[in-house]
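Engineer: need coordinates for the following:
(4 chains)
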Number of protein chains: 2
Amino acid sequence: MMTSESRTARAAYHHGNLTEVLLAAAIALIEEKGVEALSVREVAKRSGVSPGAPFRHFSSKTALLTAVAEEAMGRLTAAVRAEMSRTGDADPIEALRAIGRGYLAWALSNPTHFQIISSRSLIDFHDSPRLVEENEAIRVIMVDLIARAQREGRLRPGIVPGDLVFSSRAFIYGVARMWIDGHFEEWRVERPVAEVMESALDLFIKMIDAQS
Amino acid sequence: MMTSESRTARAAYHHGNLTEVLLAAAIALIEEKGVEALSVREVAKRSGVSPGAPFRHFSSKTALLTAVAEEAMGRLTAAVRAEMSRTGDADPIEALRAIGRGYLAWALSNPTHFQIISSRSLIDFHDSPRLVEENEAIRVIMVDLIARAQREGRLRPGIVPGDLVFSSRAFIYGVARMWIDGHFEEWRVERPVAEVMESALDLFIKMIDAQS
DNA sequence: GATGAATGTAATCAGTGATTACACAAAGGA
DNA sequence: TCCTTTGTGTAATCACTGATTACATTCATC
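Structural biologist: Numbers count the residues shown, from 1 in each chain, chains lettered A, B, ... in the order given. This is a model prediction of the structure:
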């Protein structure tokens, strides 16, 4: 296993850490033209290197995209945590709302990256400990918050905590994906996107909160 | 504009309606290997025809996939309507549950087709009147049912009908896509998929129903 | 300075969507 | 019956893709 330092040092051989340059080029290209338009050759060209070179650093196009996904997943969880710490976790329901807010805001600003980390055919999700762990971390936080809400009598009667974890995720994922997949138009959403997302989140929170 | 009859008749020139044979081959191939693995050449080969032939009937690969999507969308709305007529619409809340049930059951049994009709990069959704109309039909039914539920006092207080239409769709779409995208595993869903979907749907319905 | 691993190159492979010029079959009018 | 027109399919080809190979280069280290 290479440490981050030793890899950076060794990568400076010919090109000067190609690995990171390739990653940056891939991210830039994806942001410009979308994931579908990404090609390893183009990434190589932009990095000023031969078409075969990237394969020394990433065993396949999927591996390259997985690395992009790791980067993106880091940014997503950071955004969620930032929104949480802004809100605080005194109130578990408000903390849950903050997670949703952070998640949706990030998806809204980073549609292509969201698409990549959500996909399981573009990337090798389960082969990346980092992806699995960061995803799991958020899930655990949600489980804890919902359990606490339950103990404090903040959940509407009849709601099974385990079901709510899954359903909350499904709801927020559905809103995000409807945006990513371009379904807002068909569902007659003429208001600003951010506003619609906020209303949807408010409605969901209202529906689970015993005190509303 | 060609009518269906005349096209069928004329298509029998060399091959005997290639258009439909290509469509069937494409569907079969997609069901076997997934959308990603679909190639026009393979479709042509399976139909016993040269690689360029399909382009006489579908102007591009996207056009071919759009035709597949039209077929699939027809099946989805049929499944939803079937589930609705099984339940009846005496109770608007139960009718909404039936829509969700039909939608999820179909997505569960037809993951790849669901993926295609949900995508806006694989197909030309907005160029297909049929896709747009069938999607709109379901939306209108939901709008009506929710309006009726509102009038009959079946909606929990504080729920804005317009927001609920969107949120219901987002929720059901989220559940379906979590399945399609392979997120069930990560969210620790060890129970049978169909059971989880049912629980999620029940929870959502319970949350909107004033009488529960 | 020689050794050996890490890294990049050039050439090449099989496969892709798409376009073109061409061949062929059938329908319909003269 | 010819002969033109239209609809279909073919063959060849284009530019492009991800991936692999044999080879060359460069560096760290002994």
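Engineer: how about the strands in chain A?
Structural biologist: Taking DSSP state E as the criterion, chain A contains no strands.
Engineer: any idea which helix or strand in it has the lowest mean pLDDT?
Structural biologist: Every helix and strand in chain A was compared by mean pLDDT, DSSP states H and E; the lowest is helix A:4-11, with a mean of 34.
Engineer: where does the prediction get shaky in chain A?
Structural biologist: A:1-14 (pLDDT under 70).
Engineer: which residue does it have closest to chain B?
Structural biologist: Residue nearest to chain B within chain A: A:G174 (2.4 Å; Cβ to the nearest Cβ). Every residue, glycine included, has its C-beta placed from N, CA and C.
Engineer: quick one: contacts for that residue?
Structural biologist: With contact set as Cβ atoms under 8 Å, 6 or more residues apart in numbering or on different chains, A:G174 has these partners: B:169-175, B:177.
Engineer: now swap in A:A176 and tell me
Structural biologist: Applying Cβ under 8 Å, 6+ apart to A:A176 gives the contacts A:103-104, A:107, A:114.
Engineer: do the lengthiest helix in chain A and DNA strand C meet?
Structural biologist: When chain A is parsed with DSSP state H, its longest helix is helix A:61-87. No: residues of helix A:61-87 contacting DNA strand C under Cβ under 7 Å from any atom of the strand: none, with a closest distance of 12.9 Å.
Engineer: do that helix and DNA strand D come into contact?
Structural biologist: Yes: residues of helix A:61-87 contacting DNA strand D under Cβ under 7 Å from any atom of the strand: A:61-62.
Engineer: now do the buried residues in that helix.
Structural biologist: Going by neighbour count (16 or more other Cβ atoms under 10 Å in any protein chain shown), the buried part of helix A:61-87 is A:61, A:63-73, A:76-77, A:79-81, A:83-84, A:87.
Engineer: can you spell out which helices and strands pack onto that helix?
Structural biologist: helix A:18-33, helix A:40-46, helix A:92-109, helix A:111-118, helix A:129-151 (3 or more Cβ pairs under 8 Å, 6 or more residues apart in numbering or on different chains; DSSP states H and E).
Engineer: how near is the closest residue to A:E31 other than its chain neighbours to A:W179?
Structural biologist: Spatial nearest neighbour of A:E31, chain neighbours left out: A:T112 (6.3 Å); criterion: Cβ to Cβ, 6 or more residues apart in numbering or on different chains. Per Cβ to Cβ, to the nearest Å, A:T112 is found 12 Å from A:W179.
Engineer: and those two? which has more neighbours close in?
Structural biologist: More crowded of A:T112 and A:W179, by other Cβ atoms under 10 Å in any protein chain shown: A:W179, with 21 against 18.
Engineer: the more buried one contacts A:V193, correct?
Structural biologist: Yes: counting by Cβ atoms under 8 Å, A:W179 does reach A:V193; the two are 6.4 Å apart.
Engineer: need the contact list for the residue nearest to A:R56 when sequence neighbours are not counted.
Structural biologist: In space, and not counting its chain neighbours, A:R56 is closest to A:L18: 7.8 Å by Cβ to Cβ, 6+ apart. By Cβ under 8 Å, 6+ apart, A:L18 lies in contact with A:11, A:47, A:49, A:53-54, A:56-57.
Engineer: of those, grab the buried ones for PyMOL.
Structural biologist: PyMOL command restricting the contacts of A:L18 to the buried ones, with burial defined by 16+ other Cβ under 10 Å:
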select buried, chain A and resi 11+47+49+53+54+57
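Engineer: can you put the contacts of A:L18 in TSV and add distance to A:A25?
Structural biologist: Listed next are these as TSV, based on distance: Cβ to Cβ, whole Å:
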residue	distance to A:A25
A:A11	14
A:S47	5
A:V49	10
A:A53	12
A:P54	9
A:R56	15
A:H57	12
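Engineer: so which of the contacts of A:L18 are also by DNA strand D?
Structural biologist: Applying Cβ under 7 Å from any atom of the strand to the contacts of A:L18, none is adjacent to DNA strand D.
Engineer: nearest to B:R41 among the contacts of A:L18?
Structural biologist: B:R41 has its nearest neighbour among these in A:P54, at 26.7 Å by Cβ to Cβ.
Engineer: show me what contacts that closest one?
Structural biologist: Taking Cβ under 8 Å, 6+ apart, we find A:P54 in contact with A:18, A:22, A:40, A:43-44, A:47, A:64.
Engineer: apply 7 Å and report the result again.
Structural biologist: A:22, A:40, A:43-44, A:64 (Cβ atoms under 7 Å, 6 or more residues apart in numbering or on different chains).
Engineer: would you mind measuring from it to A:L122?
Structural biologist: 16 Å.
Engineer: sorry, back to before: in helices only, show me the contacts of A:G174.
Structural biologist: Cross-referencing the contacts of A:G174 against helices under DSSP H gives B:169-175, B:177.
Engineer: select only the buried ones of these in ChimeraX?
Structural biologist: ChimeraX command restricting the ones in helices among the contacts of A:G174 to the buried ones, with burial defined by 16+ other Cβ under 10 Å:
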select /B:169,170,171,172,173,174,175,177
